[in-house]
Every structure is written in structure tokens, then in C-alpha cells.
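# What follows is a predicted protein model with its sequence.
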Amino acid sequence: WMRAGFWVRCVSFHSDDISLCVEVANSNGDYLPSALELFEWMSEQTGIVAHNAGYEAGVIFAMTDVMPTPFACTYALLMSLANESSPGQSARLKQAGPELLGWEVWDKAIGPKDKMATIDFETLGLYCQLDSAATWNLYLICCQAVEEHKDTWGQWFWGWYHEDLTNVLMLQQEAYVQSLHVDTK
């Protein structure tokens, strides 16, 4: 989201109540009417769940100059709740989805990642909705895992997550936007 020529093709949402994908630009990168209003609305929301919150918050910042309030990051949750050094485990969405949700791999139809914004919206929109659905369902699994351990480590997990881990994510965003001062001495 910091590279020259960056643009967003679509935005997807999923919860227990709704699943949709909104096309915000055509395949040439020309933004459609009300695209900015959608990003501004997103920047004001709290309680958003994203798989890679660092990237998603950065995209919202790139579009609105507003760094959104910290929100749940399923990548960070999976990294925190799983032991990624175990053989075959990964916090990546495309691996965690099939492993933890039992889903088939859903990115076969999109082709090379660097060309995905140019494919037809029906294919891209479905792919993005499935990403959002997997993210939401992985979030629910993470919440359930913490709840199941509420009498031991689970009683402290959310406090650690919302204070320490969220702070790390916000510092990472600051570093991306403002760069880091390094005292070489």
C-alpha cells in the first residue's frame, strides 16, 4: 500500500449476518463513485476483523489519511495461539483455512497474484468474500480457544492481546508511515 501505482479493486465484508464484496475500482484502477466514502466509513469503524490487520489498516490509511482504531488480526491471533514451529502449521490464511476450517483451497481461479486485480469482478469478488468468510470463521475459532481456557491462560489473553499486541501493530504502522529513527551510536 506504500508503492507507487497502488489501488484497490474491491473490499469484502463477512460476519454472521452478512457477506458481500463491493467493487470500488474497475480493472484499470479507475475508482467508482462513492469509493472514497466507503473507505472513510471503514476508517471510522471499530471491531473490524482482518486477517492481516497491519496491511488492511495501511490500505485504509492510504485511502483516507486516517489510521483506523486497532482491530482484530487473525494472523496475529493464530501466531499467538498456535505453535507455528510445529510441522505443517501456518498462520497464513490459505493454509489455516483448509487446516482449521476444513475448506477446499479457494484461490485456484484467480491466477497469478500480481494480475488478480484485472480479472473479472465475479471471480475476484467471490475469492475476496471467501477470504473474508475464512477470516471471520478463524476469528471465531480463536475466540473459542481462548474461552475454553478461561480458567488458565485465557483469563489474561485478551488483556495481553489488546494492550501489548495491538501496541506492536500500531508501532509497525507508524514505522511504515513515518519510518524509524535509528540512533546509530
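Good, I have the coordinates.
# Quick check: residue 43 touching residue 64?
Yes - the pair residue 43 / residue 64 is scored as a contact, 4.5 Å apart, by CB atoms under 8 Å. Heads up, the C-betas are built off the backbone N, CA and C, glycines and all.
# got the residue ranges for the helices in this structure?
Remark: helices assigned in the chain by DSSP state H are 35-43, 53-64, 74-81, 93-96, 121-148, 154-160, 166-178.
# Tell me where the chain is predicted with low confidence.
Applying pLDDT under 70 to the chain flags residues 1-2, 70, 83-88.
# returning to that earlier point: I'd like the helices of the chain as JSON lines, with distance to residue 29 appended.
Below are the helices of the chain laid out as JSON lines (distance: least, CB to CB, whole Å):
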{"stretch": "helix 35-43", "distance to residue 29": "11"}
{"stretch": "helix 53-64", "distance to residue 29": "13"}
{"stretch": "helix 74-81", "distance to residue 29": "26"}
{"stretch": "helix 93-96", "distance to residue 29": "24"}
{"stretch": "helix 121-148", "distance to residue 29": "13"}
{"stretch": "helix 154-160", "distance to residue 29": "39"}
{"stretch": "helix 166-178", "distance to residue 29": "22"}
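# would TSV of those helices with mean neighbour count and distance to residue 5 be doable?
Shown next, in TSV, are the helices of the chain (neighbours: other CB atoms under 10 Å; distance: least, CB to CB, whole Å):
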stretch	mean neighbour count	distance to residue 5
helix 35-43	16	17
helix 53-64	20	12
helix 74-81	20	25
helix 93-96	18	25
helix 121-148	17	18
helix 154-160	13	38
helix 166-178	14	17
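# Let me know which of these is the nearest to residue 27.
Smallest distance to residue 27 across the helices of the chain (CB to CB): 7.8 Å, for helix 121-148.
# Just want the angle from that closest one to helix 53-64.
Interaxial angle, helix 121-148 versus helix 53-64 (axes from the mean of the first three to the mean of the last three CA atoms, to 10 degrees): 130 degrees.
# which helices and strands sit right next to helix 121-148?
strand 10-14, strand 19-23, strand 49-50, helix 74-81, helix 93-96, helix 154-160 (3 or more CB pairs under 8 Å, 6 or more residues apart in numbering; DSSP states H and E).
# still on that earlier bit, right, and the helices of the chain - which one's nearest residue 4?
Each of the helices of the chain has some distance to residue 4 by CB to CB; the shortest is helix 53-64, at 11.6 Å.
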